[in-house]
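>>> my questions are about this predicted structure, shown below with the sequence.
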Amino acid sequence: MAITAYNSTRLGNLTTVEVTNDLSGTVYFHWYLDGCYQGQTTAASWTFYLPTGDQARVECLDTTDADFDPVAGAPDAYPPRRTLWWVRSQAADVDHYRVEQKKDAGDWSTIARALPEPTQWAFTLLTGRLDDLATYQWRVVPVDRAGNDGTPITLDAHKVVRTPDAPDFSISYNSGTTKVTFSAAS
């Protein structure tokens with residue numbers, strides 16, 4: 001890995017990050033946003049959407065190894081985010097979708113509003129930064145043109161654990177069978 005310089009340019013909500021390196025030959029750039037893998041380029045720049053007032057940590061790993069595993073070699077993911085996914089409502093009069101989030105046992109709060117498109121069947125949304133050791137839950141509420149809520153879609157709850165506790169186990173060796181057995185410690 002040989003990144004020697006970073007340069008970022010922001011135009012509205014689009015930010016472009018350019019890197020310089022001293023590798024020769026075909027170079028593969030692996031891009032991460034807040035530790036989440038975004039993709040690979042052979043160009044030394046990457047453009048992403050960053051809402052006004054939001055900040056993000058962008059990292060780039062460069063390599064000449066075409067077989068580099070960007071997931072196994074990823075930098076630490078902090079702060080974590082989650083990509084939410086849902087399919088559109090069958091109701092014809094949906095004006096928008098209200099996306100809500102609940103942290104631990106707290107109240108629901110609106111985190112986004114998505115407008116339906118006639119040809120769009122599935123929606124995705126990247127959440128804001130999530131706190132470690134907190135449990136989050138999300139729901140998507142279709143809202144009709146009169147402002148009435150439809151039946152919410154509740155997405156799976158997710159507990160953020162960036163660094164889980166190491167497993168507690170014991171190991172035993174049986175010389176007769178030459179087998180090693182791992183078992184949960186009591």
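Sure, I can see it.
>>> now the phi/psi pair for the residue lying closest to residue 4 once chain neighbours are set aside, please.
The shortest distance from residue 4 to any non-neighbouring residue, by C-beta to C-beta, 6 or more residues apart in numbering, is to residue 20 (5.1 Å). C-betas here are computed from N, CA, C, even on glycine. Note on residue 20: backbone dihedrals following degrees, to the nearest 10 are phi -120, psi 140.
>>> what pLDDT, on average, does stretch 170-178 get?
Confidence over stretch 170-178, taken as the mean pLDDT, stands at 88.
>>> same deal with stretch 118-130?
86.
>>> is the residue nearest to residue 4 in contact with residue 2, as I believe?
No. Look at residue 20 against residue 2 with C-beta atoms under 8 Å: they stay out of range, at 9.4 Å.
>>> just the endpoints, please. Distance across stretch 25-34?
With C-alpha to C-alpha, to the nearest Å as the measure, stretch 25-34 spans 28 Å from end to end.
>>> flag the shaky bits of the protein, pLDDT-wise.
Residues of the chain that meet the criterion pLDDT under 70 lie in 1, 76-79, 162-166, 186.
>>> now do the domain split for it, please.
Domain assignment for the chain by automatic domain parsing gives 3-63, 83-159.
>>> measure the longest one end to end?
Same thing as domain 83-159. One end of domain 83-159 sits 14 Å from the other (C-alpha to C-alpha).
>>> gap between that domain and the chain center?
16 Å (C-alpha atoms, centre = their mean, to the nearest Å).
>>> how about the shortest one?
Distance of domain 3-63 from its chain centroid, counting by C-alpha atoms, centre = their mean, is 16 Å.
>>> ok, now how distant is the nearest residue to residue 2 once chain neighbours are set aside from residue 3?
Excluding its sequence neighbours, the residue lying closest to residue 2 (C-beta to C-beta, 6+ apart) is residue 21, at 4.7 Å. Computed as C-beta to C-beta, to the nearest Å, the residue 21 to residue 3 distance reads 5 Å.
>>> what's the overlap in contacts for these two?
Residues touching both residue 21 and residue 3 (C-beta atoms under 8 Å, 6 or more residues apart in numbering) are residue 62.
>>> hang on, the earlier thing: quick one, what contacts the residue nearest to residue 2?
Counted by C-beta under 8 Å, 6+ apart, residue 21 has contacts 2, 3, 4, 27, 44, 62.
>>> the second one touches residue 60, doesn't it?
Yes. Taking contacts as C-beta under 8 Å, residue 3 lies within contact range of residue 60: 5.9 Å.
>>> what do these two both touch?
Residues touching both residue 3 and residue 60 (C-beta under 8 Å, 6+ apart): residue 19.
>>> of those two, which one has the most company?
A count of neighbours by other C-beta atoms under 10 Å puts residue 60 above the other of residue 3 and residue 60, at 21 against 16.
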